[in-house]
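Chemist: give me a model of this one.
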Amino acid sequence: MKYSIGIFTTITLIAAFAFSGCDRQSDSMERAETSAIEANRDLEIAKTEVEAEYRIFKTENENQLTRHNRTIEEIKREIDNEPDRDVRAGLETRLEEHKENHRELKRDMENYEVSGRDNWEDFKDSFSDRMDDLGNSLNDFFSSSGNISSTNNR
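Modeler: Just a heads-up that it's a prediction; the model follows:
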């Protein structure tokens with residue numbers, strides 16, 4: 001009888017340790033699942049915030065692109081009035097470069113896909129710099145030209 005009580009006690013202790021170990025693993029699994037769910041939720045919230053920022057940024061820059069397009073059309077009209085063919089050809093070549101930059105900016109804005117905060121910040125900074133460069137180039141189009149006739153100087 002003593003022998004059977006010892007065996008029973010040993011088996012009970014082993015079972016208790018086994019079940020308590022399983023319980024700890026199950027708690028760890030639940031915590032890991034909860035952490036994963038929270039991380040996914042945080043990621044979705046961040047993505048939604050970036051998408052909202054992108055929509056605002058896109059609207060603002062589409063308006064700026066429209067203003068740049070008007071400026072390009074005004075420059076084109078002034079170039080068309082240039083009497084010197086060589087000067088006009090040079091100006092048209094420079095204007096075509098600006099028009100290509102304008103098309104690239106528009107295309108980049110339309111094709112951007114929101115992926116993450118870091119990528120968004122890089123895109124936004126790069127795009128803003130390029131947009132500013134185009135705007136400055138268009139505003140200084142005639143004043144920075146060394147080979148322009150005196151009728152078009154501003």
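
Chemist: gap between the strand or helix carrying Glu121 and the chain center?
Modeler: Of the helices and strands defined by DSSP states H and E, Glu121 is found in helix 117-139. Shown here is helix 117-139, whose average C-alpha point lies 11 Å from the average C-alpha point of the whole chain (Cα atoms, centre = their mean, to the nearest Å).

Chemist: could you do stretch 47-67 as well?
Modeler: Centre-to-centre, stretch 47-67 and its host chain are 10 Å apart (Cα atoms, centre = their mean).

Chemist: now that stretch: average pLDDT?
Modeler: Model confidence over stretch 47-67 averages 94 on the pLDDT scale.

Chemist: what does it rub up against?
Modeler: Contact partners of stretch 47-67, identified using Cβ atoms under 8 Å, 6 or more residues apart in numbering, comprise 102, 105-106, 109, 112, 114, 116-117, 120, 124, 127, 131, 135. C-betas here are computed from N, CA, C, even on glycine.

Chemist: how about 7 Å then?
Modeler: His102, Leu105, Lys106, Met109, Tyr112, Val114, Arg117, Trp120, Lys124, Met131 (Cβ atoms under 7 Å, 6 or more residues apart in numbering).
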